[in-house]
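S.K.: take a look and give me a structure for this.
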Amino acid sequence: MSSESTGPDLVQRLYVLDYGLFQVHCNQRIIGIPGYLIQTLDDVNILVDTRFPARYVDDPDGAARKIPASDCNAERDHRHQSLRADDRLVNCP
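M.R.: Numbering: from 1, shown residues only. So this is what the prediction gives:
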């Protein structure tokens, strides 16, 4: 892939992928695990993995103990914070 084909003006579609749900142990909050697929006008697919930390799979109780208290108290949802009015969101079942 050349640097000429990676500009934001060449993005054709953005897919939001649902990798599943995770229950945070410290407050039983359920969070979504997303991923993204970007399709460019020149038929390049770019998969963006949000990198769910392996420690949650290997040692979920230990990982939950390492979550800062501020995260356990947060009830904010930032999923749509960077979307603009002219952006298009495509949901994948």
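S.K.: next, the buried residues of the strand ranked longest in the chain.
M.R.: The longest strand of the chain (DSSP state E) is strand 11-23. For strand 11-23, burial by neighbour count (16 or more other CB atoms under 10 Å) applies to Leu14, Tyr15. C-betas here are computed from N, CA, C, even on glycine.
S.K.: ok, now stretch 43-57?
M.R.: Tyr56.
S.K.: what is the end-to-end distance of that stretch?
M.R.: 34 Å (CA to CA, to the nearest Å).
S.K.: mean confidence score for that stretch?
M.R.: The predicted model assigns stretch 43-57 a mean pLDDT of 78.
S.K.: same check on stretch 15-28?
M.R.: Across stretch 15-28, the average pLDDT comes to 80.
S.K.: just the C-alphas of that stretch, formatted as PDB.
M.R.: Output of stretch 15-28 as PDB, limited to C-alpha atoms (Å, rounded to 0.1, in the frame of the first residue of the first chain):
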ATOM      1  CA  TYR A  15     -17.900  -0.600   9.500                       C
ATOM      2  CA  VAL A  16     -18.300  -0.900  13.300                       C
ATOM      3  CA  LEU A  17     -17.800  -4.500  14.300                       C
ATOM      4  CA  ASP A  18     -19.300  -6.000  17.400                       C
ATOM      5  CA  TYR A  19     -16.700  -8.300  19.100                       C
ATOM      6  CA  GLY A  20     -19.000  -9.000  22.100                       C
ATOM      7  CA  LEU A  21     -19.600  -7.800  25.600                       C
ATOM      8  CA  PHE A  22     -17.500  -7.800  28.800                       C
ATOM      9  CA  GLN A  23     -18.700  -7.500  32.300                       C
ATOM     10  CA  VAL A  24     -16.400  -5.300  34.400                       C
ATOM     11  CA  HIS A  25     -15.900  -7.100  37.800                       C
ATOM     12  CA  CYS A  26     -15.500  -4.000  40.000                       C
ATOM     13  CA  ASN A  27     -19.000  -2.700  39.300                       C
ATOM     14  CA  GLN A  28     -20.700  -5.300  37.100                       C
END
